[in-house]
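**Student:** sharing a model that was predicted from the sequence below.
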Amino acid sequence: MKLSRLHTALLLVNLGLLLGFGAVFLQRRNYEFIIYEGVIVAVLFLIGFSIRRVDYTPAALVGLTIWSALHLAGGGVTVGAGRLYDVMLLQLSASLPVFRYDQLVHVWGFGASTLIMFCLLRRHLSQPARYPLALGVVVVMAGLGAGALNEVLEFIVSICVPGSGVGGYVNTALDLCADLLGALLGWGYIRVHYLKHQETAP
């Protein structure tokens, strides 16, 4: 697969985000997000290493780049006395902190992750639209699995960086719910944009 202008542009955007926010995090000694930047670099490396073997769709790569921007902004942009990550976007519950910017990032991010999982799988499927329910379960669970891995990473960060912004059990549970919603929305996007024409083909 030949690298396109889109791939180059997205790489430059990601590098700009990492360098710009990296300088902010270093100045603030925000070790939590310095670790997260390392994770983003690792993901970029994996995408770059496999891009000639995997047909990543433009939507998947753009989605990951937007996720990177939302995530870094959440930790690097201050709103009042707190972080953008802590901002309540829409008060949907009197007892739970829903719906926060943090949960928006999870919905978007693991929707994008679900698209990536589909890209990894579809080359190995002769008829991906023949069994949509089975494929949907696999792809959604793979996207949600990426969300669970993210929660493991956050747990490790909370141990390594005292006073990090990682929340407790309720926060983890809400994050996983947001991850599931994102994965389901990602699967809906896949059905409409990549499988619909195959399902209606004779």
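**Tutor:** That came in fine, so what should we check first? All values derive from a computational prediction rather than experimental measurement. Numbering: from 1, shown residues only.
**Student:** without its sequence neighbours, what residue ends up closest to the residue nearest to the spatial centre of the chain?
**Tutor:** Geometric centre of the chain, nearest residue: G109, 2.4 Å, by CA atoms, centre = their mean. Nearest residue to G109, sequence neighbours excluded (CB to CB, 6 or more residues apart in numbering): W67, at 4.2 Å. (Each C-beta comes from the backbone N, C-alpha and C, glycine too.)
**Student:** same check on D175?
**Tutor:** Using CB to CB, 6+ apart, the nearest residue to D175 is H106, at 5.3 Å.
**Student:** what's the neighbour count on the one you found?
**Tutor:** By the criterion of other CB atoms under 10 Å, H106 has 26 neighbours.
**Student:** with the one 5 residues further on instead?
**Tutor:** G111 is flanked by 25 other residues according to other CB under 10 Å.
**Student:** my read is that it contacts V62, right?
**Tutor:** No. Contact between G111 and V62 fails when scored by CB atoms under 8 Å: they sit 11.9 Å apart.
**Student:** beyond the helix or strand where the residue nearest to G109 lies, next helix or strand please.
**Tutor:** With elements taken from DSSP states H and E, the one containing W67 is helix 58-76. The helix or strand immediately downstream of helix 58-76 is strand 78-79, counting by DSSP H and E.
**Student:** against which helices or strands is that next one packed?
**Tutor:** On a contact count with 3 or more CB pairs under 8 Å, 6 or more residues apart in numbering; DSSP states H and E, strand 78-79 meets no helix or strand.
**Student:** what separation do you get for the residue nearest to G74 when sequence neighbours are not counted and L104?
**Tutor:** In space, G74 comes closest to Y85 once its chain neighbours are excluded; the distance is 3.8 Å by CB to CB, 6+ apart. Distance, Y85 to L104, by CB to CB, to the nearest Å: 10 Å.
**Student:** of the two, who's got more company?
**Tutor:** Shown here are Y85 and L104; by other CB under 10 Å, Y85 has more neighbours (21 against 18).
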